[in-house]
Each structure stands twice: as C-alpha cells, then as structure tokens.
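Asks: no sequence on this one, just coordinates:
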C-alpha cells in the first residue's frame, strides 16, 4: 500500500477534503499549491474557506502526517501524485485542454514511471488519453488514473467517506492501485473506462444544471403572471412522489455546473440543445429578478438597491461565478446605488447596516442567517424563503 501522497493544487476546494481524508487514514499527505497565503493558513491549522468538519481534521493532522508547501519539487518524493486541475472553458465556451496539460507538463521533471498519477477534477473526454501520451513520451511508461471528485462543496468531508468513488485508468495495474487507494476512504468503488468516467462527471453536473433551469423557467412563467410559484410548487409536491425531487428556483451558478454543461456540449459538436437552453434560462434569471424589483419600485435610478448574499450557494463563502455579481451589473446599468452584503464574505456591508439602508432588496442566496428576516422594503426572493 502506498504511503506518501501529494496533491497538486491541494489547498483548494477539491484538494483539501481529499488530503484530509487520506491523512485521516494514516497516509503522509503533502498539499502543494502556488497560493502562498492558503499554504500559510493551512500550515497554522486554519482553512482558507468554509468547509464543514474540515478544521477539526486539519488541526488533528497538520504538522504530523499532513503538510502544505509551495515547493513543487516535493512531488519527486511521492508514491502518488494527484492533480486537481480541471478543464476551464474559454470566452467562446470551448474547453481549454491546454491549461490542464500545461500544469502536468510543469511537473514532468519531478515525476517517475513508478508513481501513480491521478487526475481528480473534471476533465474533457479524451484528456486522460492525452495525458497518458504526454507522460509516456516523457517517462517511457506511466501509471495514470482518473478518479473524479463527486462531493458537494462545503460538505466534502462528510461525503467523501460516504459516496461511491468512480475509478478509471489507462492500464489494469494503475486501476488496481487507484482502487486500492480509494477503498481506504470510499464505501464503494465503481469501475469505468477513462472516457466513461469523464462523461459521467460531465453528465452529473449537466443534469443538475438542467434541473435548476426547469425550476427557474417555471418560476419565470408563473411569476410573470403575478402568481406565486412556490404555492404551486408545494401543491405539486404535496404527497405526490413523482414530484418529490423537483428542484426549487434559484441562481444556478458556481465554478462547475455551467462550465461542465458547456464542455458536454463541445464534446457533442455543440448539439447539446437542452444544455444551451438551460444556459439561457439560468443566465437569464438575474435579468428577470431585476425586472421584478423594477416593476414593484418603478425606476431604480439613484435608489439604494441591496443584493443580500454574494456566494454562489447557501451557507458558503465561495463567490466564484456567483450570479449575484451579474445582478449587480444589471442594477448598475439602471443607475442604482448597489449595496452588497454577505455574512460569509469579508469586506461586504454588515447585515444591520445593509437592512437599514436598502430601499429595495434582491436575495442573492438564502444563507441560514437570512431565512428569518422580513425586509420592510420591497424585495424579490426567487428562493422562496421569505413571505410573498
């Protein structure tokens, strides 16, 4: 059984839960990251972001069998090297495969054919084979696996131990080693080919994005008629099993769902029409929310309009790709004076001051701290947590 594991990009939302999970099983884990501030925080036992139950594990293992560093050469001394670099999309919504290859190429001097190399984040279908070719050319041979993360951000520690782990590899030997490794932290191992695993990850996130788009489209249809979407939704779901898992409306954002839906579209020659429609609906919801508030208040010019909640999901501090900032731009185009507040985001207005100054409010994300509020000014809440 391997003993030394390093995670490249290990101080981020994917790397930290994985590193803590392996450390809790007795492995020696090194988190390698170019973000010196995050490395320093982790080295002192503090997390750079909100992640339930992670800080307890961090404090239990940091300085013992867990460490963080900016020194890339440490990768040379490891038995397992995990890359958590995902595939982004460019301004034309095409996958930027070169970004992944560039990171891996920068570590070739530290890699050997005896190490197990694992790709962890979402990658475009076929990238595993491209990486295998890159490693083989440089090292003569390689052991490469793709084992996608499947956790919900903020609850990764709980989920990584309880969800099945998909394992794929470009060789039988690498697949066996990867399965043995992940069986120490996962309840169940599911074996797929690399392309099947790459598609499974994209399809999972695209399906979630489609779910949100259906709810958001229905929300806009109903609310435009002056009716209560959540009254109808609750009636649909009341003791009716086929509607039990119907999603609620909300700003569907974050670093994965939109991006991975566009990657799946690119894989299918841009003929993923459901995915494109979902994008138009989800990306169009901010416009609808601003129009709703404008309908209730009249002109927003010169008015103090607040966006409450800046993270891309509830009870989290991650603002990456949050649609609250698209709402902000739309309000600014209407010449509103925009106020921003989030209990988890440093530098935003304190809640009490925000509630006292805002003349109108759009609920960006329903953190628990906001659910019992009842604004006295006009507001728009697509999440359904405040009284209509």
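Replies: That came through fine. As the structure is a computational prediction, the values presented were derived from the model and not from experiment. Residues are numbered from 1 along each chain as shown.
Asks: Could I get the full set of helices for this structure?
Replies: Assigned by DSSP state H, the chain shows helices spanning 15-24, 36-43, 54-61, 97-105, 127-139, 156-160, 172-182, 194-224, 229-237, 257-267, 273-297, 324-333, 351-357.
Asks: want to throw those into a markdown table with mean neighbour count and distance to residue 366?
Replies: Every C-beta, even on glycine, is put in place using the N, C-alpha and C of the backbone. Shown next, in a markdown table, are the helices of the chain (neighbours: other CB atoms under 10 Å; distance: least, CB to CB, whole Å):
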| stretch | mean neighbour count | distance to residue 366 |
| --- | --- | --- |
| helix 15-24 | 25 | 24 |
| helix 36-43 | 17 | 28 |
| helix 54-61 | 17 | 23 |
| helix 97-105 | 16 | 33 |
| helix 127-139 | 17 | 36 |
| helix 156-160 | 19 | 21 |
| helix 172-182 | 19 | 34 |
| helix 194-224 | 19 | 14 |
| helix 229-237 | 15 | 12 |
| helix 257-267 | 24 | 18 |
| helix 273-297 | 18 | 13 |
| helix 324-333 | 18 | 12 |
| helix 351-357 | 14 | 14 |
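Asks: can I get those in JSON lines with distance to residue 317 and mean pLDDT?
Replies: Shown next, in JSON lines, are the helices of the chain (distance: least, CB to CB, whole Å; pLDDT from 0 to 100):
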{"stretch": "helix 15-24", "distance to residue 317": "14", "mean pLDDT": "96"}
{"stretch": "helix 36-43", "distance to residue 317": "13", "mean pLDDT": "96"}
{"stretch": "helix 54-61", "distance to residue 317": "13", "mean pLDDT": "95"}
{"stretch": "helix 97-105", "distance to residue 317": "25", "mean pLDDT": "94"}
{"stretch": "helix 127-139", "distance to residue 317": "30", "mean pLDDT": "96"}
{"stretch": "helix 156-160", "distance to residue 317": "14", "mean pLDDT": "92"}
{"stretch": "helix 172-182", "distance to residue 317": "28", "mean pLDDT": "97"}
{"stretch": "helix 194-224", "distance to residue 317": "21", "mean pLDDT": "97"}
{"stretch": "helix 229-237", "distance to residue 317": "27", "mean pLDDT": "96"}
{"stretch": "helix 257-267", "distance to residue 317": "18", "mean pLDDT": "95"}
{"stretch": "helix 273-297", "distance to residue 317": "21", "mean pLDDT": "97"}
{"stretch": "helix 324-333", "distance to residue 317": "13", "mean pLDDT": "98"}
{"stretch": "helix 351-357", "distance to residue 317": "15", "mean pLDDT": "96"}
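Asks: looking at the ones you listed, which is closest to residue 378?
Replies: helix 273-297 (4.6 Å; CB to CB).
Asks: now for the closest one, which elements pack on it?
Replies: When contacts are defined as 3 or more CB pairs under 8 Å, 6 or more residues apart in numbering; DSSP states H and E, helix 273-297 packs onto helix 194-224, helix 257-267, helix 324-333, strand 360-363, strand 379-380.
Asks: Swap in 6 Å and give it another go.
Replies: With contacts taken as 3 or more CB pairs under 6 Å, 6 or more residues apart in numbering; DSSP states H and E, helix 273-297 sits against helix 194-224, helix 324-333, strand 360-363, strand 379-380.
Asks: how about TSV for those, with distance to residue 134 added?
Replies: What follows is these, written out as TSV (distance: least, CB to CB, whole Å):
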stretch	distance to residue 134
helix 194-224	14
helix 324-333	36
strand 360-363	46
strand 379-380	49
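Asks: Look up phi and psi at the closest residue to residue 162 other than its chain neighbours.
Replies: Sequence neighbours aside, residue 187 is the residue nearest to residue 162 in space, at 6.0 Å (criterion: CB to CB, 6 or more residues apart in numbering). For residue 187, the backbone dihedrals (degrees, to the nearest 10) come out as phi -70, psi -30.
Asks: which residues are contacting stretch 229-237?
Replies: Here stretch 229-237 makes contact (CB atoms under 6 Å, 6 or more residues apart in numbering) with 219, 222-223, 243, 246, 384.
Asks: can you rerun that using 7 Å?
Replies: 218-219, 222-223, 243-244, 246, 249, 384 (CB atoms under 7 Å, 6 or more residues apart in numbering).
Asks: Quickly check those residues for the two that are furthest apart.
Replies: With CB to CB as the measure, no two of those lie farther apart than 223 and 244, at 23.0 Å.
Asks: picking up where we left off before, please identify which of the helices of the chain is closest to residue 147.
Replies: The nearest among the helices of the chain, by CB to CB, is helix 172-182 at 5.7 Å.
Asks: Switch the contacts of stretch 229-237 over to JSON lines; also include distance to residue 342.
Replies: Below are the contacts of stretch 229-237 laid out as JSON lines (distance: CB to CB, whole Å):
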{"residue": "218", "distance to residue 342": "27"}
{"residue": "219", "distance to residue 342": "23"}
{"residue": "222", "distance to residue 342": "28"}
{"residue": "223", "distance to residue 342": "24"}
{"residue": "243", "distance to residue 342": "32"}
{"residue": "244", "distance to residue 342": "31"}
{"residue": "246", "distance to residue 342": "28"}
{"residue": "249", "distance to residue 342": "20"}
{"residue": "384", "distance to residue 342": "19"}
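Asks: Which of the residues you listed sits closest to residue 183?
Replies: The shortest gap between residue 183 and any of the contacts of stretch 229-237 belongs to residue 244, at 32.6 Å (CB to CB).
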